[in-house]
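**Student:** The amino acid sequence is not available; the structure is as follows:
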Ligand code: 6PG
């Protein structure tokens, strides 16, 4: 089953319009679901504006914060107050400004343990939240998973040609030696276990990788992502979309 469908591509004029559109989409999606709403967040720079918007009117007043749980799709193995921390970025842009119960925030542990122990610990936290050690297609782990894409094609911290791309049992792994800092990443099974997988991609520098992806380049990590509920959504700005549509 292809993980790509051009029918799931939405192109917005620019990064600001993209952030507003996705804030509307996420708020509508979360409001339409009853009970807890679990969100796996992407790091990096693209989603920051989305997170800032969600912390502002009218989203701040509309979003179901009390029943939303926040997880991270990947994390840099640095202290939570480190400039490179994805947790810090989300805390500063969003979580410090909205009424999310502290027990609903599930950061990747990055202090006082090894990267491998962090991955094991986070996997245990995910399984505890999920209520089982076995993922069921009928009961996705997340309601929404946000992903970005790196200029060379990585998603979360699943990098091209890395051994972690072959991991289909563990839910979380430690990636050492690809970036200066170790990375903790959800693996395909966890990333695919989502009601919706939504890529947020902006900027002309992402054009070439998107062109390769939609041309069917199976070497790209995003091409090997098969969400259990069907093809991922792509929210793009026009600069990134280029010739995709
Ligand atoms: C990270 C992200 C990573 C990101 C891409 C794109 O920890 O860096 O989770 O997977 O989504 O690198 O990053 P930009 O949005 O900054 O281009």
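**Tutor:** Perfect, I can see it now. Note that this is a predicted model, so its numbers are computed, not measured.
**Student:** so what strands line up beside the strand ranked longest in the chain?
**Tutor:** Using DSSP state E, we find that the single longest strand of the chain is strand 194-201. If you go by DSSP bridges, strand 194-201 pairs up with strand 142-147 (parallel), strand 233-237 (parallel).
**Student:** what's next to that strand, contact-wise?
**Tutor:** Contacts with strand 194-201, where a contact means C-beta atoms under 8 Å, 6 or more residues apart in numbering, come from 18, 22, 25, 29, 40, 42, 46-47, 50, 140-149, 155, 191, 210, 222, 225, 227-229, 232-237, 240. C-beta: built from backbone N, CA, C; applies to glycine.
**Student:** Mean neighbour count, the strands paired with strand 194-201: which tops it?
**Tutor:** strand 142-147 (a mean of 26; mean count of other C-beta atoms under 10 Å).
**Student:** Could you restrict the contacts of strand 194-201 to the ones contacting the ligand?
**Tutor:** The subset of these within reach of the ligand, counting by C-beta under 6 Å from any ligand atom, consists of 42, 46, 148-149, 155.
**Student:** which one of those sits closest to residue 7?
**Tutor:** residue 149 (19.1 Å; C-beta to C-beta).
**Student:** would you list every one of the strands in the chain?
**Tutor:** 9-12, 37-41, 68-72, 74-76, 142-147, 172-175, 183-186, 194-201, 233-237.
**Student:** Comparing those strands, which comes out most buried?
**Tutor:** It is strand 183-186: most buried of the strands of the chain by mean count of other C-beta under 10 Å, with a mean of 29.
**Student:** got the contact list for residue 59?
**Tutor:** 23, 27, 53.
**Student:** Report the buried members of those.
**Tutor:** For those, a burial check counting by 16 or more other C-beta atoms under 10 Å picks out 23, 27, 53.
**Student:** Where helices are concerned, which of the residues you listed count?
**Tutor:** For the buried ones among the contacts of residue 59, the ones inside helices are 23, 27, 53, with DSSP state H as the criterion.
**Student:** Just the closest of those residues to residue 129, please.
**Tutor:** residue 27 (22.2 Å).
**Student:** pretty sure the closest one contacts residue 60?
**Tutor:** No - using C-beta atoms under 8 Å, residue 27 makes no contact with residue 60, being 10.0 Å away.
**Student:** Any chance of a markdown table for the strands of the chain, columns mean pLDDT?
**Tutor:** Listed next are those as a markdown table, based on pLDDT from 0 to 100:
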| stretch | mean pLDDT |
| --- | --- |
| strand 9-12 | 96 |
| strand 37-41 | 98 |
| strand 68-72 | 98 |
| strand 74-76 | 98 |
| strand 142-147 | 98 |
| strand 172-175 | 98 |
| strand 183-186 | 98 |
| strand 194-201 | 98 |
| strand 233-237 | 98 |
